[in-house]
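1. I would like the atomic coordinates for the input below:
(chains A and B, ligands or ions: 2)
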Amino acid sequence: MSAAPPRKLKVATTSLAGCFGCHMSLLDIDERLFPLLDKIQFDRSPLTDIKHCGKCDIGIIEGGVCNAENVRVLQEFRANCRILVAIGACAVTGGLPAQRNHLDLGLCLQEVYETEPSLSKGCIPDDPELPLPLDKVHPLHEVVKVDYFIPGCPPSADAIWSFLTDLIAGRTPRLGHGLISYD
Amino acid sequence: MSKRPTFILDDQEVPFEPGQTVLQAALAAGRYIPHLCYHPEFRPHGSCKVCTARVDGRMMAACTTPASPGINVESETEELNDLRRMLVQMLFAEGNHFCPSCEASGNCVLQALGYDLGVLTAGFRHMFPVRPVDASHPDILLDFNRCVLCELCVRASNEVDGKGVFALSGRGIDKHLVVNAESNQLADTDIALDDKAMEVCPVGVILKKRVGFAVPIGERRYDRAPISAQALADAPRSPEHKK
Ligand code: SF4
Ligand code: SF4
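-> Ligands and ions are numbered 1, 2, ... in the order given. Purely as a prediction, here's the structure:
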């Protein structure tokens, strides 16, 4: 009688204030996705369109925290994921969205919505459905505890692959020369 | 065999010439000690402290500590590399470093040190200081957001170009780079494109306009080999340690 196959690890992913580049890089691991899918099963993720994160082994988050909705989603991931991974420059340091941090948020919104010529009758959106922007863009670890960081904009597919294979095999992931990159 | 005096670096003998510092002797012998503000062509400055080592039990900057016979230097320890990681993180947090949009990326010493030391995250809350760029000069851009206050440009402009274009002003967290013109604008200095000061900045502050991405990302200096290997390749080597 053969032993039951090992339980697949549950993985959730999401993008906060990010551009989905890190998710594209995850897809860029190409045919290695097949052996990966033997070992993991996606829970909440833009790839599954599940809206809320269930109990998971690994949560992978791209993008920094720039509004109230980002805070809520990040806290849901932290509450449900055993291991939380900040992936990409925005999640790790705030990234390019954090370039607004030394500017006044009100002036930024005015600049975009009131002076942009293509929005001739522009006004700053205030629909209650829209999440409230935060004064500053924050990296994830300023809001919740983060277990692992993969820098890069985005990290290369090889970096993600190397990280995930180490983590799934129970090794401490290490990114050596060529895999660790801040750009 | 060499009759030169020696000291001990991480349990191995390193020969030195009188007048060399611990860092110079180590590099000449093919042994890497991480460093940022040190440059083989300039007088050691001792400001960044990345090269801090334990010399006979005391923390010292290896770039300014004279090599002397029999001293015991520890450099490659977890404790010291932890301190170096923290220094790199502090430099990232106190400036505005957006590597994905920086044209020095891949050629940058701060970034390459981060890679070599395994710095994965900022570690500190970013300060996001307001530091407007100086684009006044027709051919040269100054992006103060990335300055790590190493004074290499100051040393190069004074000692090689004989112009004194750059200086550091202020103290502590208010310390910043200034240019030598009443207007405070680079355009009003006598800097020239072929000045030594144009090539020494270890990060992306002093940039030539219109050449930004001549070498594609991925093929740049520290993309090709880690900084530890590149620093040894650049160092003046003692004859017996030349490959
Ligand atoms: S100077 Fe170096 S560390 Fe700073 S943004 Fe540019 S590449 Fe990154
Ligand atoms: S501009 Fe560059 S070379 Fe000059 S002090 Fe700043 S970091 Fe050093």
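2. drop to CA atoms for contacts and neighbour counts, all remaining ones
-> Fine.
3. ok and the residue in chain A nearest chain B?
-> Chain B sits closest to A:Asp183 of chain A, with a gap of 4.1 Å, by CA to the nearest CA.
4. secondary structure element for that residue?
-> A:Asp183 belongs to no helix or strand when elements are defined using DSSP states H and E.
5. count the neighbours of it for me.
-> A:Asp183 has 22 neighbouring residues, counting by other CA atoms under 10 Å in any protein chain shown.
6. just give the nearest non-adjacent residue to it, would you?
-> Of all residues not flanking A:Asp183 in the chain, B:Pro100 sits nearest, at 4.1 Å (CA to CA, 6 or more residues apart in numbering or on different chains).
7. show me the contacts for the residue most central in space within chain B.
-> Chain B has B:Leu36 as the residue nearest its centroid, 2.6 Å off, counting by CA atoms, centre = their mean. Counting by CA atoms under 8 Å, 6 or more residues apart in numbering or on different chains, B:Leu36 touches B:48, B:50-51, B:109-110, B:150, B:202.
8. tell me the secondary structure for the residue nearest to A:Asp183?
-> Three-state call for B:Pro100 (DSSP: H, G, I helix; E, B strand; the rest coil): helix.
9. now it: how far from A:Cys19?
-> As defined by CA to CA, to the nearest Å, B:Pro100 lies at a distance of 13 Å from A:Cys19.
10. go on, B:Gln89?
-> Separation of B:Gln89 from A:Cys19 (CA to CA): 25 Å.
11. do the helix or strand of chain B with the lowest mean pLDDT and ligand 1 meet at all?
-> Ranked by mean pLDDT, DSSP states H and E, the weakest helix or strand in chain B is helix B:227-234, scoring a mean of 92. No - counting by CA under 6 Å from any ligand atom, ligand 1 has no neighbours in helix B:227-234; the shortest distance is 13.1 Å.
12. again, but for stretch B:128-146
-> Yes - Stretch B:128-146 comes into contact with ligand 1 (CA under 6 Å from any ligand atom), by way of B:Arg146.
13. circling back: just the residues contacting the least confident helix or strand of chain B, thanks.
-> With CA under 8 Å, 6+ apart as the test, helix B:227-234 has contacts from B:27-28, B:30-34, B:109, B:112-113, B:116, B:222.
14. please state the offset of that helix from the chain centre?
-> Remark: helix B:227-234 is offset 13 Å from the chain centroid, using CA atoms, centre = their mean, to the nearest Å.
15. now that helix: buried residues?
-> Of all the residues in helix B:227-234, those buried under the rule 16 or more other CA atoms under 10 Å in any protein chain shown are B:227-228, B:231-232.
16. what's the farthest-apart pair in the residues you listed?
-> With CA to CA as the measure, no two of those lie farther apart than B:Ile227 and B:Leu232, at 8.5 Å.
17. so which residues of the chain form strands?
-> Defaulting to chain A. A:9-15, A:40-42, A:56-62, A:65-67, A:81-87, A:133-138, A:148-150 (DSSP state E).
18. look at chain B instead
-> B:6-9, B:12-15, B:52-55, B:58-61, B:72-74, B:140-142, B:166-169, B:176-179, B:206-208.
19. would you mind finding the most buried of the ones you listed?
-> Ranked by mean neighbour count, the strands of chain B are led by strand B:52-55 with a mean of 24 (mean count of other CA atoms under 10 Å in any protein chain shown).
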